[in-house]
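>>> Here is my input, please return the structure:
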Amino acid sequence: MKIYLIYGEKDAGKTTTCNKLLKCILSLGGTLKSYDTFDWAEDFKSVAEFEGKRIGIYSPGDERGHLSGAITLGVDNNCDILVATVRKGIAYNAPLQKMGEENPEKWITLVKGGTEAERDNYENRVVIGLLDNIQQS
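Next up, the predicted model:
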């Protein structure tokens with residue numbers, strides 16, 4: 001499973017970026033296999049199929065157990081690709097090390113600040129980059 005981690009401070013747009021990615025996957029012909037929300041904010045976890053690949057998206061990343069939860073979602077659903085979020089100060093090394101070296105991760109950093117239009121533009125570029133990586137995987 002290839003892992004893409006979206007890193008950002010509180011309110012940097014991590015969940016918004018995950019929502020945009022899922023909407024793009026579905027609008028381009030992907031199929032939603034599962035979708036669940038959490039009891040807080042707008043966070044969600046989902047699994048979709050797109051171009052022969054199974055993609056897990058896990059938007060909460062503010063607490064220690066979230067990355068482990070994301071990895072569990074990916075493993076339990078036989079995902080080829082996992083997109084998850086993390087925030088500064090979260091212990092993310094241990095769950096990644098358990099995955100082993102055959103599961104490289106790629107970091108994408110969202111920068112908090114700028115105008116709303118600038119953040120929206122950057123989030124859109126991140127989604128396009130993720131879609132490109134998914135298609136090339």
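>>> all strands of this structure, in order?
2-8, 31-37, 44-50, 53-58, 81-86, 105-110 (DSSP state E).
>>> which residue is nearest the middle of the protein?
With distances taken as CA atoms, centre = their mean, residue 83 lies nearest the centre of the chain, 2.6 Å away.
>>> Pretty sure residue 13 sits against residue 119.
Yes. Proximity of residue 13 to residue 119 meets the contact threshold set by CB atoms under 8 Å, at 5.7 Å. C-beta coordinates here come from the backbone N, C-alpha and C atoms, glycine included.
>>> rewinding a little: out of the strands of the chain, which is the most enclosed?
strand 81-86 (a mean of 25; mean count of other CB atoms under 10 Å).
>>> Work out the sheet partners of that strand and label each with its direction, please.
The strands that strand 81-86 pairs with in its sheet are strand 2-8 (parallel), strand 53-58 (parallel) (by DSSP bridges).
>>> Restrict that strand to CA atoms and write it as CSV.
Only the C-alpha atoms of strand 81-86 are listed here, as CSV (Å, rounded to 0.1, in the frame of the first residue of the first chain):
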residue,chain,number,x,y,z
ILE,A,81,-3.3,3.7,-1.9
LEU,A,82,-4.0,5.4,1.4
VAL,A,83,-4.4,9.2,1.8
ALA,A,84,-4.3,10.3,5.4
THR,A,85,-3.7,13.4,7.4
VAL,A,86,-1.4,14.3,10.3
